[in-house]
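Chemist: sharing a model prediction with you, sequence too.
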Amino acid sequence: MTKQNIKIIKNSFLLGMAYAIGMAAFDYFNSANFSTWKFLFHFSFFGIAMGLVNRSNLKEKSNEK
């Protein structure tokens, strides 16, 4: 794996985890039940979306250099 791929995966993981925790906290404060499937969906969907966005941004930056 290249450094760029590792950076994209780490970024996707961290952003997906932060979003999923934020949404779980939002549900907690609104007295909703915690759903593992909802947490995993938020984590994976947002992580993949941010990975694709970061991938295109990093490719553009590398082409500019």
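Modeler: That came in fine, so what should we check first?

Chemist: contacts for stretch 12-23?
Modeler: Contacting residues not belonging to stretch 12-23 are listed as 38-40, 42-48, 50-51, 54 [Cβ atoms under 8 Å, 6 or more residues apart in numbering]. Where C-beta positions appear, they are placed from N, C-alpha and C, glycine not excepted.

Chemist: one more time with 6 Å, if that's ok
Modeler: Applying Cβ atoms under 6 Å, 6 or more residues apart in numbering, the external contacts of stretch 12-23 come out as Phe39, His42, Phe43, Phe46, Gly47, Met50, Gly51.

Chemist: next one, pLDDT for Lys65 please.
Modeler: Reading off the per-residue confidence, Lys65 sits at a pLDDT of 67.

Chemist: hmm, I was thinking of Tyr28
Modeler: According to the model's per-residue confidence, Tyr28 sits at a pLDDT of 88.

Chemist: for it, the count of nearby residues, please.
Modeler: Neighbourhood size, Tyr28 [other Cβ atoms under 10 Å]: 11.

Chemist: which ones are touching Met50?
Modeler: Met50 is in contact with Ser12, Leu15, counting by Cβ under 6 Å, 6+ apart.

Chemist: at 7 Å what do you get?
Modeler: Asn11, Ser12, Leu15, Gly16 (Cβ atoms under 7 Å, 6 or more residues apart in numbering).
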